[in-house]
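> when you get a sec, could you give me coordinates for this:
(2 chains)
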Amino acid sequence: MNFERSKTESKANINSKLEKALRYLALVGALSGAAREVQAGGGGFESTVAELYGRKAVDALKQKAPKEHYKESDPELPIFVDSIPTEEGEFDKEEFLKILDYLPRDWFDGEVRAITFKDEYYVQSEKNTVEKKTFAVWKGDNREIALYRPIKNNSRVELLRTLIHEGGAHAEDWVSSKNLSFQERLELIVLTETYSRHPDAIGPGASYDNDAPYHRLREYPAFTLEVFFFGEREISPVALQYVRDYFAIANPEYDPDAARTTIRRIVGLEKIHREVAYQFDNKTKTWRPPQKK
Amino acid sequence: METTTKKVIYHTTVGNDRIYSTKITTVLPRHELESRIQEILQEAPHDDPRRKQILERLSSLNDMQLQRLLEELST
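Residues are numbered from 1 along each chain as shown, chains lettered A, B, ... in the order given. Now for the predicted structure:
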C-alpha cells in the first residue's frame, strides 16, 4: 500500500518537475522566433506567461511601444516638487541632476514627471494599513516617485538608492517603460527569470520577494540595480553579470561599469575600484589572475 | 567532481582605508549541468514526450539557463 502511494507521489513529483521545466523552456524558446507569433496573437506562449506571471504580465508585454506622446508632453527631467529631508540635511537635488548625466538617458527623461515628498507614513490601502517600512512608491499612472516619512531617517545615499530603484528600474522596466520594444521586454523577462533564482543572485544589503513570480520579475532588477550603483559593499559576480546583460538589452550603448565608477566618486561613497576574477588552476592548485588577451 | 571556481577580489577604499574582500562562487561546468539534468529525466517514463522535448533543447541553452533549468527539475 505504502509502496504504491510512494510510486504515485514520485510520478506526480516528476510530472510537476517536467511541467515546470517546460514552462521555463517555453519562455526561453520565445526569444527565437515564437515571439513574433505571440505578438501577432499566438496562443501557447501567451498562456505560459499568463500562467507564470498572471494576465497583467501578458498585457504589459503586448503594450504598444514606444508611446511618443509621453515624450512630447513630458518635461525632459523630473521635477522635485518638495524639499526632501535626509539625516545629513536637505537632499542636494543638484547632485542628483549631475548623477543623471551618467545614467541611461531614458531612465528619467520623459519617464518620471515628478519626485514628491510627504511628511507622513505611506498608507497602503483603504483599510488604513500603515506600512512604515515603505518610504518610496512608483506611481505609474502619474509617472511620479512619491517619497514618504521614513526617508527622514535615512542617508543621502539611501535616498539615491531609492531614486534609482523607483526611477531607473521601475519607471523604465519591462512593464512601465515607454521605450522598450516587445522583443526587449521579453528578453528582460527571460534574463530576469534566469538569474533571479540563482542562489548567488544578489549581493548583501538587499532582498526581494522570491516567491511571487510577477513581483520577483519586477523587484529583482530594481534591487540589483540600486545595489550595483549605490550598494555599500560588493555585489555578487552573478548579479554583476546580470546588470551587464540587462543593459546590453535595454541600453546597449551604455557602459554600466564606467558609469558606476563615476557615480560612486561623485557621491563620495566607498569605491569599488576594480574586480579581478582569479581562476583556480587545478594543476598547480593555486589562484592565478586572468590571462591578458 | 570537477567544478569551475571563480574568486573575485574586490579592492575597496573607504576614506583612507583600503579594504580587500573576496567572494568565491562555484559554478558547475556545462557537462556536469547536462549530466545532472539527464539523471533527473531518467525518473520520467522513457516514452514521455516531454522528456525528449527537454533533452533536445539542452544544447541551445547557455550555462546560466541550464543552471536555471536544473533548479526547476530539482525542486
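
> close to chain B, is the longest helix belonging to chain A?
Using DSSP state H, we find that the single longest helix of chain A is helix A:2-29. Yes: using CB under 8 Å from any CB of the partner chain, helix A:2-29 reaches chain B at A:10, A:14, A:17-25, A:28-29. Bear in mind the C-beta positions are built from the backbone N, C-alpha and C, glycine included.

> save these as JSON lines, and put in pLDDT, distance to A:S83 and neighbour count too.
JSON lines is the format used below for the residues of helix A:2-29 next to chain B (pLDDT from 0 to 100; distance: CB to CB, whole Å; neighbours: other CB atoms under 10 Å in any protein chain shown):
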{"residue": "A:S10", "pLDDT": "74", "distance to A:S83": "63", "neighbour count": "11"}
{"residue": "A:I14", "pLDDT": "89", "distance to A:S83": "60", "neighbour count": "20"}
{"residue": "A:K17", "pLDDT": "91", "distance to A:S83": "54", "neighbour count": "20"}
{"residue": "A:L18", "pLDDT": "92", "distance to A:S83": "57", "neighbour count": "22"}
{"residue": "A:E19", "pLDDT": "90", "distance to A:S83": "53", "neighbour count": "13"}
{"residue": "A:K20", "pLDDT": "89", "distance to A:S83": "50", "neighbour count": "16"}
{"residue": "A:A21", "pLDDT": "91", "distance to A:S83": "52", "neighbour count": "25"}
{"residue": "A:L22", "pLDDT": "90", "distance to A:S83": "53", "neighbour count": "18"}
{"residue": "A:R23", "pLDDT": "87", "distance to A:S83": "48", "neighbour count": "15"}
{"residue": "A:Y24", "pLDDT": "89", "distance to A:S83": "47", "neighbour count": "24"}
{"residue": "A:L25", "pLDDT": "89", "distance to A:S83": "51", "neighbour count": "22"}
{"residue": "A:V28", "pLDDT": "86", "distance to A:S83": "47", "neighbour count": "19"}
{"residue": "A:G29", "pLDDT": "81", "distance to A:S83": "51", "neighbour count": "19"}
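
> now, which of those residues sits nearest A:E158?
A:Y24 (35.2 Å; CB to CB).

> do I have it right that the closest one meets A:I189?
No: A:Y24 is beyond contact range of A:I189, at 11.3 Å (criterion: CB atoms under 8 Å).
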